[in-house]
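[1] Sequence first, predicted coordinates after that:
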Amino acid sequence: MGRMLSALLIGSLLVCAPLRADDSNSGDAAAKTATPAKTETNNSGAAKPATDYREEIEELRQMMREQAQQMAEQQKQLELLRAQLAATHSSAASPAPSAETATVHVVNGDMGAVRSASGPSAAAAQDKPKSEDSPASIRYKGITITPGGFFAAETVYRTRAISADDNTPFTSTPFNGNSLSKVSEMNFGGRQSRVSALLEGNIGTAKIGGYFEADFQGAGTTSNNRQSNSYVFRQRQAFAQVALNSGWTFTGGQQWSLATETRKGILNRQEATPLVVDHQYNVGFTWARQYGFRVVKNFDDKFALAFSVEGPQTTIGGRGFTSYSNTSATGVVTAAQNFFLNAPGNSGGLYNAFDATGYTANKAPDFILKAALDPGWGHYELFGIVSEFRNRIYPCALNTPTAGTNAAGTAVTQYTAGAQVTCAQSAATSPNAAGAFNDSRTGGGAGASARVPFFAKKLELNSKFTAGSGIGRYGSAQLPDATARPDGTLALLKSAQWLSGAEIHPNPKLDLYAYFGQEYAGRAAYTGYTTVRITNTPFIPAVAATGQPFYPSVTNIAVTTTAGGYGSPFANNSLCSTETTPAATGTPGTGGACAGDIRAISEASIGFWHKFYNSPKGGLRWGVQYSYLTKSAWSGNNNTPANAGISPKAVNNMVFLSFRYYLP
């Protein structure tokens, strides 16, 4: 078009009347054709020489040649932009645009906004108004980077305080004897804000990439709510992935456990988490975020199989474990137990040295196998878990009466009674390291879930059930995996967790939900736990001047045999509802004697999310959640068979509010 306009313009200059000198100097290239041209005269009235017209025409021709060169340069630049755009489309596996429909993208350096214009003119592309839409992803060296996340302002109110943010530790709801049960709490924060980045790139018959997600719900040693309210940025997910066109996917890194339900197939970032505000989700929800290496095979998006190797950990519960202490004549105390399971974190190895539960010396990873079915109506899953457990046992000898003499030569009897455990391997009265050994146990479980839509997906019903031995930590309430027998070996707890719910979507801007979930830990009670306490008293010589006789050195061995384990019917729950005074300044009283091993914990939740604004600039939503929680413990009669066992119970009412901005 540019060349055609140039030719027409030059032709018109040659056939039209001569231009006035002032028109030529102004640079106006339009020919005047309204009336027949008159012969132009000079100031003296004489006709202007023809040579003057030829010079002016030559000047105009030179100007038009220069303009044609400039337009040719602009055409080359436009062709270059088209080629670059075609290369970009080709790398994205889409057809390259034609010369007439190529879209030229001009990136605004300040805001990263993208403008689009069609046609051969770069000037037209720049002059077209900006579109409200912007790219959801960023192109960088052949990969696509998609940022995500949200910024949140959240509040939680609980009728019974547990000194926690909106990530509820469900088992911490206090019994009536704890001072926290007498006060409510209301906490506020923005720590739930989340950032994420998805990176993807195509390489032939595969897609490679990675995903990162983090929030601010970590707590540092200086974190507090006094002034700056600063908390720690923490990893939620970080994994790498290779997805082949043949249906095989390989994923490695920190991710949701394969035990977690998904909404479709077995896909990362498709986890079916409850819609609640609470960041510990709901009691009964089976999940973990941990190391995993996962292999998935997808069969035509209808059926999928997956196997994963995941990071293990063991949690232990119960009481009354066998122990030993020896107080020397100078007051030095030596203490020991007959097993160990977890070790404190080594800060030099980048583990948390302040974690009271410690880190398990794991024997093997957890193994999970899952099958998922998407027949066209609903989503269904079956899965199984296998876990290995190990601890180290230190056998103990029988304690029997022995005779000896003190420093004054007087015979004394050292009294002892009973046996710590039935492992008479030596005459020692303490755990025997020489005879120590490792003891291993195998646990695991299985689960099933179903998620079914109704009324054009405006209603979705879902339910999941998981049961087994040693799988308590996979539930939101974090009930224990195991307890210890009197001889120190582990007893895996039978446990179950289930969650059912309804999710309603009456319109695109409103989500309603209701859930009920429960977790259960079985009883594993034993008798014969023995506590051995040895106390050595020093020899005191006689003092004739005062008449004080000498006191012989005596070793006294006190042996106490009790019931224990998890949920023992002989446990002492007598003061679970009796409040006590604070043990230290500024801290609440923890109540009287209360074993309180949890039998079951339940939670019912209802709530909604209102997405009142959604556009290419992002989305705004607010939500409300109400939850009612109950916690009940195994009964205990305080080793008094004539008394009825006491089963303590605790309840909590919780309200959560959230206001969020989501990245587009």
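    It's in.
[2] use CA for all of it now, contacts and neighbours both
    Fine.
[3] thought Gln548 was touching Ala542?
    Yes: the pair Gln548 and Ala542 qualifies as a contact (Cα atoms under 8 Å) at a distance of 5.4 Å.
[4] tell me the mean pLDDT for the top helix by length along the chain?
    Assignment by DSSP state H gives helix 50-91 as the longest helix of the chain. Mean pLDDT, helix 50-91: 74.
[5] what does stretch 246-253 give?
    Mean predicted lDDT for stretch 246-253 stands at 98.
[6] what sits against Ala353?
    Listed by Cα atoms under 8 Å, 6 or more residues apart in numbering, the contact set of Ala353 reads 344-347.
[7] Need phi/psi at the nearest residue to it once chain neighbours are set aside.
    Excluding the flanking residues, the one nearest Ala353 by Cα to Cα, 6 or more residues apart in numbering is Gly345, at 4.2 Å. Per-residue torsions, Gly345: phi -70, psi 140 (degrees, to the nearest 10).
[8] show me the contacts for Gly345.
    For Gly345, the contact set (Cα under 8 Å, 6+ apart) comprises 351-355, 358-359.
[9] ok so, going back, and the longest helix of the chain, what does it pack against?
    Where contact means 3 or more Cα pairs under 8 Å, 6 or more residues apart in numbering; DSSP states H and E, helix 50-91 is packed against helix 2-15, strand 103-107.
[10] how is this structure carved up into domains?
    The chain breaks down into these domains under automatic domain parsing: 1-32+47-90, 145-314+362-394+436-523+567-662.
[11] so which of those domains is the most packed in?
    Highest mean neighbour count of these: domain 145-314+362-394+436-523+567-662, a mean of 19 (counted as mean count of other Cα atoms under 10 Å).
[12] quick one: buried residues of stretch 539-547?
    Using 16 or more other Cα atoms under 10 Å as the test for burial, stretch 539-547 gives no buried residues.
[13] so which pair among the contacts of Gly345 is furthest apart in space?
    Greatest spatial distance among these (Cα to Cα): Phe354 and Tyr359, at 11.0 Å.
[14] any common contacting residues for the two?
    The overlap between the contact sets of Phe354 and Tyr359 (Cα under 8 Å, 6+ apart) consists of 344-345.
[15] neighbour count winner among those two?
    Comparing Phe354 with Tyr359 by neighbour count (other Cα atoms under 10 Å), the higher total belongs to Tyr359, at 20 against 12.
[16] Is the more buried one bridged to anything, and to what?
    Beta-bridge partners recorded for Tyr359 (DSSP bridges): Ala343.
[17] got the residue ranges for the helices in the chain?
    2-15, 21-26, 50-91, 122-127.
[18] ok, now how distant is the closest residue to Phe293 other than its chain neighbours from Phe299?
    Distances taken as Cα to Cα, 6+ apart place Gly252 nearest to Phe293, at 4.3 Å, with adjacent residues excluded. To Phe299, Gly252 is 21 Å away according to Cα to Cα, to the nearest Å.
[19] pull the helix or strand with minimum mean pLDDT from this structure.
    The weakest-scoring helix or strand in the chain, judged by mean pLDDT, DSSP states H and E, is strand 103-107 (a mean of 35).
[20] any idea how far Ala240 is from Ile57?
    Using Cα to Cα, which is the criterion applied here, Ile57 is 70 Å from Ala240.
[21] again but with Tyr526, I slipped
    Computed as Cα to Cα, the Tyr526 to Ala240 distance reads 47 Å.
[22] now Met186
    Per Cα to Cα, Met186 is found 39 Å from Ala240.
[23] now Pro549
    From Pro549 across to Ala240, the span is 79 Å (Cα to Cα).
[24] ok, and what's touching stretch 159-171?
    For stretch 159-171, contacts defined as Cα under 8 Å, 6+ apart pick out 154-156, 172-174, 180-185, 187-189, 277-280, 283, 476-479, 601, 631, 651-654, 656.
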